[in-house]
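Asks: how does the following fold in three dimensions:
(chains A and B)
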Number of protein chains: 2
Amino acid sequence: MLSAECCHSLRHFSFTLLPVNAEIIAVGSELLTPFRMDTNSLFLTEQINQLGVEVVFKSVIGDDLQRLVAAAQHALFRSDIVIFSGGLGPTEDDLTREAVAEALGVALQRDESVLAAIEQRFASRGWKMSPNNAKQADVLDGAVVLPNPNGTAPGQWMSGKFDGRERIVILLPGPPHELKPLFEAECRERLRLKLPPAFLATRVLKVAMLGESQVDARVAPIYKRFGEVQTTILAGQGEIQLHFRSRAGTLDEAQARVDEAADAVEEELDDAVFSRNGESLEQIVGYWLQMRNATLAVAESCTGGMLGERITSVSGSSRYFVGGAIVYSNAAKTDLAGVPADMVERHGAVSREVAAALAEGIRYRCESTFGVGITGVAGPTGGTAEKPVGLVFHALASDGGTEVIERNFPGDRKRIRRFATTLALDMVRKKLM
Amino acid sequence: MLSAECCHSLRHFSFTLLPVNAEIIAVGSELLTPFRMDTNSLFLTEQINQLGVEVVFKSVIGDDLQRLVAAAQHALFRSDIVIFSGGLGPTEDDLTREAVAEALGVALQRDESVLAAIEQRFASRGWKMSPNNAKQADVLDGAVVLPNPNGTAPGQWMSGKFDGRERIVILLPGPPHELKPLFEAECRERLRLKLPPAFLATRVLKVAMLGESQVDARVAPIYKRFGEVQTTILAGQGEIQLHFRSRAGTLDEAQARVDEAADAVEEELDDAVFSRNGESLEQIVGYWLQMRNATLAVAESCTGGMLGERITSVSGSSRYFVGGAIVYSNAAKTDLAGVPADMVERHGAVSREVAAALAEGIRYRCESTFGVGITGVAGPTGGTAEKPVGLVFHALASDGGTEVIERNFPGDRKRIRRFATTLALDMVRKKLM
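Replies: The predicted structure follows:
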């Protein structure tokens, strides 16, 4: 067990043996319902990985003292760094402090300066502190108090030997807007000082409108050539992300490794790569439009506003996005985007001709450099043998003419609409490159 | 340890003591990166809760045999039902079968009929099975094989005594589209037969545009009156969900309890409750529009299409949604929604007057029963002292006139846009009720 004494004498140890492993424990019964997930661990994993440390276990445990103590003991036995999030509140259900104290075999001491800070926090809002808040000032004997400017419960940092093994234990508040700044301000540098120097470089390439297996088959042989670069492929909604990470003794060395691997992959995938440093497709399209001093307008049928929503999710998009029309009914196609009524009659609302007329009509109406038109069958109803669910026409009009791409997308309504808007954005990008 | 023999003799035991606890273990190193989360456990928790069983631990473990064995042993020691997801694939990293066999102390046997089914699956696609796939036919000695129509790896079900305690161990494939149907078809009923009869009834009320603390203060005294109903409050993006769950020996009894509690809460919150059975606000608005035989058109500035996107996320929305205009530039406000150019000059694009003119203009242009106009400052740039980031005007035009609501929303661009579209939808709902 960790005594207060040995803890004091060992507060300045550093890990000397690699690899150092970390474990994250999220505390709270609400995280064991079907409605809530522990998302703090994604942030913490990223931060810890950047210090050269792998996360080898994550768990979620409810507000139950006996279970928490047992889990804390297991964690202290198997992992070098153990991070708890949550369970530091003022209620009877908040048991992280008590459980960790019991697992470590140390006492909890009420810290008068922490108590004063909590009282002050209430007073500054004109409130009186209720007595149960006092337990938030209980500190593990030998721990460093980590100030929490965004909440009442401070974090705690404890390092020392547990059953003869060097361990770091960190207690963090559960709300993400408290946990994240607290970790960045109080834990990152403290951890770095304990760990062997390691530098992590990362790159993200993004690819639009290719299948995961298609991309995988093309990049797998390249990955093999770069054994010291860790690669991850993530696919979703018409976009594939290729993550590259490498650790080395200097940042330059790590960066050179990931750049070499990423450049080789980019050469293979050519213009399917829309982003070289993690930017979104919406941002890249906005970037190119500004570069070319061009403007964009859209006319959307089956996507119902999603394309406009995605374009305007980027702050400053008013510099290149004029606006557009949501042409859900046939009348709206004619009234708002100038599609001839007899064209809809003749070819149907979902047709190559109407897509082109939407793009041209909205470009003319909005006096923009480019006009985009989308029309299709998002489903799940409304499909026919000739025009099945998933069939979408995408048109891009410019002063050089109008191009139309026809696609049959798989998946549900949400996926089909997402695919269609991604393809339309990618048409604009390729036109501008 | 669980021998094949005792397993056979005990395959038909039932739990006799309450409460029965479950634990979920997600296996896979990719779930320990910053990029992926275990979401299967949300589905499994919901399913297991419905059988009257609490989930008391969730964990994520990488593809490491030693760690998996140790974790499986801990889980078998402390939990009655242990469910593994993932790690059943054909690669060297897929170790769940081996780890569980070692933890239980039973052998793995290659099952010839499973092997034949896997070979057949490959053959039916015209592929030859590669030899590493054969390990997917390895079955825990004494386990029931659970067919997986959506993938090559079958699930496995094992029940018996472990160190003198009654235990159920379930192995499920990781991909959600394999895990979910397999659990529903093969595990739910098997579990129900083992468990004491328990019926779970649930209700979800949804509330728009009230603060979480505001709702909490009003409903907390009511919750206290219904001790046998478990309540959860979830807040996000302008919407609050109040979940009610109760277990009883009959479904009628459980349902009566949650209904009584939900009805009391609904009486307190009155028309702020937009949904009584979990429907989305978009669905409820669509429902009311159809009930009243009415149509809707929208003109969006700062939300850039998000309102249209939300309305058209509902299949069949073409029955009541005509379309609208995305009026990001001042010219588009005039050209597409008929806002007088001098009005924008005089009052500014973000003003009560322009919001009303957008609603009226798009209603006139689209010949719809109702017109909605939204204009505001979504930020993070573009705010002024007079018109700060978060200021949004929402207008609803009908033949009874036009109403405008002004709000200052907190948060970032995404939250502000989400709040604004929620408020606009809620205006339509209240008008129709």
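Asks: so where's the stretch 1-150 of chain A shaky on pLDDT?
Replies: Counting by pLDDT under 70, the low-confidence segments of the stretch 1-150 of chain A come to A:1-18.
Asks: next to chain B, which bits of it? Give me the list.
Replies: Within the stretch 1-150 of chain A, the positions adjacent to chain B are A:30-37, A:39, A:42-43, A:45-46, A:49, A:54-62, A:64, A:67, A:70-71, A:74, A:78 by CB under 8 Å from any CB of the partner chain. Quick note: C-beta positions are derived from backbone N, CA and C, even for glycine.
Asks: filter those residues down to just the ones in strands.
Replies: Within the residues of the stretch 1-150 of chain A next to chain B, residues falling in strands by DSSP state E are A:54-61.
Asks: out of the residues you listed, which comes closest to B:Glu266?
Replies: A:Val60 (31.7 Å; CB to CB).
Asks: just the strands in the stretch 51-200 of chain A please.
Replies: Ranges of strands in the stretch 51-200 of chain A, per DSSP state E, counting those that start in this stretch, are A:54-61, A:81-85, A:108-110, A:138-140, A:144-146, A:155-162, A:165-172, A:199-208.
Asks: out of the ones you listed, indicate the one that is most buried.
Replies: strand A:81-85 (a mean of 28; mean count of other CB atoms under 10 Å in any protein chain shown).
Asks: before we move on, back to that, got a markdown table for the ones in strands among the residues of the stretch 1-150 of chain A next to chain B, with distance to B:Leu425 too?
Replies: Putting these into a markdown table (distance: CB to CB, whole Å) gives the following:
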| residue | distance to B:Leu425 |
| --- | --- |
| A:Glu54 | 45 |
| A:Val55 | 40 |
| A:Val56 | 45 |
| A:Phe57 | 43 |
| A:Lys58 | 37 |
| A:Ser59 | 39 |
| A:Val60 | 34 |
| A:Ile61 | 38 |
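Asks: residues contacting the residue nearest to A:Val60 when sequence neighbours are not counted?
Replies: Distance criterion CB to CB, 6 or more residues apart in numbering or on different chains; nearest residue to A:Val60, sequence neighbours excluded, is B:Lys58 at 4.3 Å. Contacts for B:Lys58 (CB atoms under 8 Å, 6 or more residues apart in numbering or on different chains) come out as A:31-32, A:59-60, B:23-26, B:38, B:41, B:45.
Asks: for B:Lys58, list each beta-bridge partner.
Replies: Per DSSP bridges, the residues bridged to B:Lys58 are A:Val60, B:Ile24.
Asks: next one: A:Ile374
Replies: For A:Ile374, the beta-bridge partners are A:Glu300, A:His394 (DSSP bridges).
Asks: quick one: mean pLDDT for stretch A:260-276?
Replies: Stretch A:260-276 comes out with an average pLDDT of 94.
Asks: wouldn't A:Leu289 be in contact with A:Ser318 here?
Replies: No: if you go by CB atoms under 8 Å, A:Leu289 and A:Ser318 don't touch, sitting 11.6 Å apart.
Asks: who's more crowded, these two?
Replies: For A:Leu289 versus A:Ser318, neighbours defined as other CB atoms under 10 Å in any protein chain shown are more numerous around A:Leu289 (23 against 19).
Asks: helix/strand/coil for that one?
Replies: In three-state terms, and counting by DSSP: H, G, I helix; E, B strand; the rest coil, A:Leu289 is helix.
Asks: so which residues of the stretch 301-433 of chain A form strands?
Replies: Secondary structure of the stretch 301-433 of chain A (DSSP E, counting those that start in this stretch): strands located at A:321-326, A:370-376, A:391-398, A:401-408.
Asks: mind putting those in JSON lines, mean neighbour count included?
Replies: Converted to JSON lines, the strands of the stretch 301-433 of chain A look like this (neighbours: other CB atoms under 10 Å in any protein chain shown):
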{"stretch": "strand A:321-326", "mean neighbour count": "32"}
{"stretch": "strand A:370-376", "mean neighbour count": "29"}
{"stretch": "strand A:391-398", "mean neighbour count": "24"}
{"stretch": "strand A:401-408", "mean neighbour count": "14"}
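Asks: which of the residues of the stretch 1-150 of chain A next to chain B are buried?
Replies: Buried residues within the residues of the stretch 1-150 of chain A next to chain B, counting neighbours by 16 or more other CB atoms under 10 Å in any protein chain shown: A:30-34, A:36-37, A:42-43, A:45, A:49, A:55-62, A:64, A:67, A:70-71, A:74, A:78.
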